[in-house]
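>>> A predicted structure for the sequence below; I have some questions about it.
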Amino acid sequence: MRLVARFMKPYWALCAVTTVLLLVDVVGALVIPTFAAELLNESATSASFKKMTITAVGMGVAALISGMCAVAGGWCCSQLTSRVGKDMRMALYRKSMDLSIYDFRNFGTASITTRTINDVVNIQMAMTNVLCMLMPVPIIFIIALTLSFRLDVTLSLWLLVAIAFVCVVALFIMRSAAPLFRKLQKLLDRIGAVLLENLTGVRVIRAFNKESHERRRMDGTFVDYADTSIKANRLFANLDGLSYFGMNAFIVVVYFLAGGRISAGNFQIGDITAIVEYAIMALFYLMMAQMVIITLPRALECCERVRLVLDHSPQIADPEPGAAVDMSGRGPLPDGEVLAFRDVTFRFADAQEDTLRHVSFSCKTGQTTAIIGGTGSGKSTIAMLALRFHDANWGEVTLDGVDVRKMTQHDLRRRVSYVQQQAWLFSGTIADNLRYGDRDASDERLNHAIDVAQAREFVDSLPQGLESRVAQGGTNFSGGQKQRLSIARALTGDTQLVVFDDSFSALDFKTDAALRHALAAETNGRAVLIIAQRVSTVQHADQIVVLSDGQVAGIGKHDELMADCEVYREIVESQTKEPAMGEEA
């Protein structure tokens, strides 16, 4: 509950007002049976009309005040829980933006989504229930029992028996409910993960005729969740039925014991009505409190899941405040060096072997550096380390001569443009996506980036040009079109380094060549790092770094490597033989 208290703290005044309003509502509701009893007793004893009128007016005023406070308290409670929920979601979103790729893999994208949406909703519902149903219970018990004992001790003792019965039932049911709700949240994570996997991989599922297999797998997940939900709902049903039994049994006992005493003239009918009303209110709120208490394990589990994300220390973190190097005004080193790998060794946390070993090279302004190597040689890991999505285990990666671990991630990434292997576009317009590179970019700059990325032809073919709509993930464009728009987005930004992580793989050879030719003019004021598998993409680079099993097998130009690097020659020969093999097929 410390998590909820942390987010409620800024709204302590609203919380106090909500509490007061709800308590006044409860007190007003308890006063009404007292007025009703007096009115019935007065009518039975033929009291004066004036006296009965005063009692009725008092009863009406109490009902009015109680009703107004109930409405105002409900509105304030809604405001409070909505604001807390909003702040909690924003905190989770901001935290998720700080998490490293490794952290995301540990938590799971579907799980973080569930925590941000479903778990926070459960916490909000628990807050509402606690404020409106659980918090008034002690006040109701004190006032109701006091007023009841004032009227009759014997009947009030039976009320205590009924309350004890309902509490014992709730205690037994709560012990069974907690593990069920924990299981429900885990199953909800599972549903989210399977749904996300199926919806994003729907084309593969259809291509391999696996609809029936995936449907069975999905059905199994849904059945597990449904079975657990049914068990939880049975607990609610049992609690509800037993609580109503206890309340109605008490009413029967009250009427049975009080009936004879009324006939003997020892008890007034208004008093028995008041005691029953007190009992109904006390037992009703107790039942509601039990419902809340039973659901609290679920809310507490949700709080714990949210807390784990918010309190998690990201694997990749900025330096301590004041310790980060001030990058304002810094630029390339005197020799033009922008990015440098100095004896870098890296191993993934769950791997048995190093992915990169003692890698050293540099990228300079006005030059294109290319990385090439076989599958699994560590090419894409170079880009991950350059952007500090991972940290080197040994050695250092520097930008403008500063270790990337000594600068803030914001400073680092505003100096680097990145085009990832799997092109991703956001819902909106083409212009909106391009301005991810620079939110203040003019239309002229956007059009220039479109031209360089060889996307002019297909963008102009769209009815609305740059204002054409983009579906989530760019699913309304082909793979090559998405890659070209991703490249244009990177070129929109005014950065010192542009990293292309196998970003030309979906382009035909003609477009690839035209793009590389257009990029040559873009390297005047920046360094370019191209990670690719095609020799044709890298052979005209100013510097080619050849990777083999995570180590640098050679560095130089195309002709130099053809003469001196066996690994590079094998890559070139394997790719030049591919067309012949295709022709034979």
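Nice, I can see it.
>>> can you list the residue ranges for strands in this protein?
337-346, 356-364, 368-373, 394-399, 402-403, 416-419, 428-429, 469-470, 497-501, 527-531, 543-548, 551-556 (DSSP state E).
>>> which of those strands sits closest to residue 258?
Each of these was scored for nearness to residue 258 using C-beta to C-beta, and the closest is strand 428-429 (71.2 Å). For every residue, glycine as well, the C-beta is placed using N, CA and C.
>>> what residues does that closest one touch?
Outside of strand 428-429, the residues that reach it under the criterion C-beta atoms under 8 Å, 6 or more residues apart in numbering are 464, 466-470.
>>> can you redo the strands of the chain as CSV with mean neighbour count?
Written out in CSV, the entries for the strands of the chain read as follows (neighbours: other C-beta atoms under 10 Å):
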stretch, mean neighbour count
strand 337-346, 20
strand 356-364, 20
strand 368-373, 25
strand 394-399, 20
strand 402-403, 16
strand 416-419, 24
strand 428-429, 16
strand 469-470, 16
strand 497-501, 25
strand 527-531, 25
strand 543-548, 23
strand 551-556, 18
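>>> now the ones you listed as a markdown table including distance to residue 101?
Written out in a markdown table, the entries for those read as follows (distance: least, C-beta to C-beta, whole Å):
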| stretch | distance to residue 101 |
| --- | --- |
| strand 337-346 | 13 |
| strand 356-364 | 16 |
| strand 368-373 | 19 |
| strand 394-399 | 16 |
| strand 402-403 | 20 |
| strand 416-419 | 13 |
| strand 428-429 | 24 |
| strand 469-470 | 24 |
| strand 497-501 | 13 |
| strand 527-531 | 17 |
| strand 543-548 | 20 |
| strand 551-556 | 23 |
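>>> so for residue 284, which of these sits nearest?
When the strands of the chain are ranked by proximity to residue 284 (C-beta to C-beta), strand 428-429 comes first, at 50.9 Å.
>>> partners of the closest one in the sheet?
For strand 428-429, the pairing partners within the sheet under DSSP bridges are strand 469-470 (antiparallel).
>>> what residues does the strand it pairs with touch?
The contact list for strand 469-470 (C-beta under 8 Å, 6+ apart) reads 425-430, 432-433, 476-477.
>>> by neighbour count, which of those wins?
The most neighbours of any of the contacts of strand 469-470, using other C-beta atoms under 10 Å, belong to residue 430, which has 25 neighbours.
>>> okay if I get the contacts of strand 428-429 as a markdown table plus distance to residue 525?
Converted to a markdown table, the contacts of strand 428-429 look like this (distance: C-beta to C-beta, whole Å):
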| residue | distance to residue 525 |
| --- | --- |
| 464 | 32 |
| 466 | 24 |
| 467 | 29 |
| 468 | 30 |
| 469 | 33 |
| 470 | 29 |
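>>> ok, so of those, who is nearest residue 9?
Comparing these against residue 9 with C-beta to C-beta picks out residue 470 as the nearest, at 40.5 Å.
>>> so what's the closest one closest to, chain neighbours aside?
Take residue 470 and drop its neighbours on the chain: the residue closest to it by C-beta to C-beta, 6 or more residues apart in numbering is residue 425, 5.1 Å away.
>>> indicate which one of the strands of the chain is closest to residue 271.
For the strands of the chain, the distance to residue 271 is smallest for strand 428-429, at 69.4 Å, taking C-beta to C-beta.
>>> just the pLDDT at the residue nearest to residue 482 when sequence neighbours are not counted, thanks.
Nearest residue to residue 482 in three dimensions, chain neighbours excluded: residue 423, at 3.9 Å (C-beta to C-beta, 6+ apart). Residue 423 carries a pLDDT score of 84 in this model.
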